[in-house]
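Asks: Sharing a sequence plus its predicted fold:
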Amino acid sequence: MPRRREVLAALAAAPVAAAMPLRRARAAEVTLKLHHFLPPVSNAHRNMIEPWAKAVEAASEGRIAVEIYPSMQLGGRPPSLYDQVRDGVVDVVWTLPGYTPGRFRRIEVFELPFLPASAEATSQAAQRLYEEAFPDEFPGVKVLCTHTHGPGAFHLRDRPVRLVGDLAGLKIRAPTRVINRTLELLGAIPVGMPVPQVPEALSKGVVDGTVLPFEVTRPLKIHELVKYHTVFRGERGFYVATFLFAMNRARYESLPEDLRAVIDAHAGIGLAKRFGRAMDEGEKPGIEAARERGNTFIEVAGDDLADWITASQPAVEEWVAAAEGFDGGALVTRARELVAEYAG
């Protein structure tokens, strides 16, 4: 993780063209620097982060300006984003809590296997459970929303995976410790890394495959690096990763009351729902790109799916048993209830 002064220096030295400021009708009173790790062609940038910034600017009548810095343009690596926003190096970030393993334990509940539904449903469940059960999970920041991507799939270079046993010995990239442990229990060799590193790892054979939602596969050209995609056809997906969209707490509290109200109006469960829906809608282009390339799709259902669910349950049991300072079993139960409520 870069030192604070190094990141500040990068911020000060970053050329104006590096940021992606949005048009505004009047001089802004407040400029928010928003930092994230994906490229500007990504679904998250184009259909979540940028629309949020435009909406905030419009609602503030130009008094708030938002400058978006994608692809870690202000320095550091994806795991440093939370500390950057907490420390006030940047104003807003979009990141994964799981990029710092074990630090944010309670939000991990949504990453347990075969718990999630669609991104829209699971994102609302995640935001609601955060508000209900652990509003102190993210110190130093104003949580704009938590959310998830849609249920992830396997993407394999050379070996198809249908049965649980097919994973044996395969090096599979995963984003967080919970998902890594699930893969390990299923017989794979988990390799943790942030998503921007995945294309190179696949192209060089560092990993045999990866778990990802299709939403991010097209901008990263994952479909050009693999031959096989394994998807799960049940009521609940194999896994999701959780995301955090957050603002520096002191920066938020320094705003005039009416501008804090603007931020509040563009935060919470409504924002989680919109972000989740954008994640769901982003799946189709990734699937289409893989099909157009002629890649093979493997659908896991019926008895094969039941075997996957059974084999992955020790990951849930371990997570519950390892919970410290909170009731892991109660959190799993409530997460499942909320997912079911929003999935309908």
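Replies: Perfect, thanks for sending it.
Asks: contacts and neighbour counts: CA atoms only from here.
Replies: OK.
Asks: Tell me where this structure has helices.
Replies: In the chain, helices defined by DSSP state H lie at 4-13, 43-44, 50-59, 81-86, 119-133, 177-185, 198-203, 217-220, 249-254, 257-265, 269-281, 283-292, 302-322, 328-343, listed in chain order.
Asks: wait, which of those helices is closest to Gly169?
Replies: helix 177-185 (9.5 Å; Cα to Cα).
Asks: which residues touch that closest one?
Replies: Among residues not part of helix 177-185, those counted as contacts by Cα atoms under 8 Å, 6 or more residues apart in numbering are 98, 101-102, 108, 111-113, 172-174, 189-192, 239, 311-312, 314-315.
Asks: What is the least confident helix or strand in this protein?
Replies: helix 4-13 (a mean of 44; mean pLDDT, DSSP states H and E).
Asks: domain ranges for the protein?
Replies: Using automatic domain parsing, the domain parsing of the chain gives 4-148+243-281, 153-239+283-343.
Asks: Quick one: end-to-end distance for the last one.
Replies: Meaning domain 153-239+283-343. 19 Å (Cα to Cα, to the nearest Å).
Asks: What average pLDDT does that domain get?
Replies: When pLDDT is averaged along domain 153-239+283-343, the result is 97.
Asks: heads up, I number from 669, so please use that
Replies: Right, with 669 as the first residue, what we last looked at is domain 821-907+951-1011.
Asks: Please state the offset of it from the chain centre?
Replies: 14 Å (Cα atoms, centre = their mean, to the nearest Å).
Asks: for the first one, same thing?
Replies: Here domain 672-816+911-949 shows a centroid-to-chain-centroid distance of 11 Å under the convention Cα atoms, centre = their mean.
Asks: circling back: make a markdown table from the helices of the chain and add mean neighbour count and distance to Phe705 to it.
Replies: Listed next are these as a markdown table, based on neighbours: other Cα atoms under 10 Å; distance: least, Cα to Cα, whole Å:
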| stretch | mean neighbour count | distance to Phe705 |
| --- | --- | --- |
| helix 672-681 | 14 | 15 |
| helix 711-712 | 22 | 10 |
| helix 718-727 | 19 | 14 |
| helix 749-754 | 24 | 9 |
| helix 787-801 | 24 | 20 |
| helix 845-853 | 22 | 19 |
| helix 866-871 | 18 | 13 |
| helix 885-888 | 21 | 12 |
| helix 917-922 | 16 | 21 |
| helix 925-933 | 15 | 22 |
| helix 937-949 | 22 | 16 |
| helix 951-960 | 17 | 19 |
| helix 970-990 | 15 | 28 |
| helix 996-1011 | 17 | 27 |
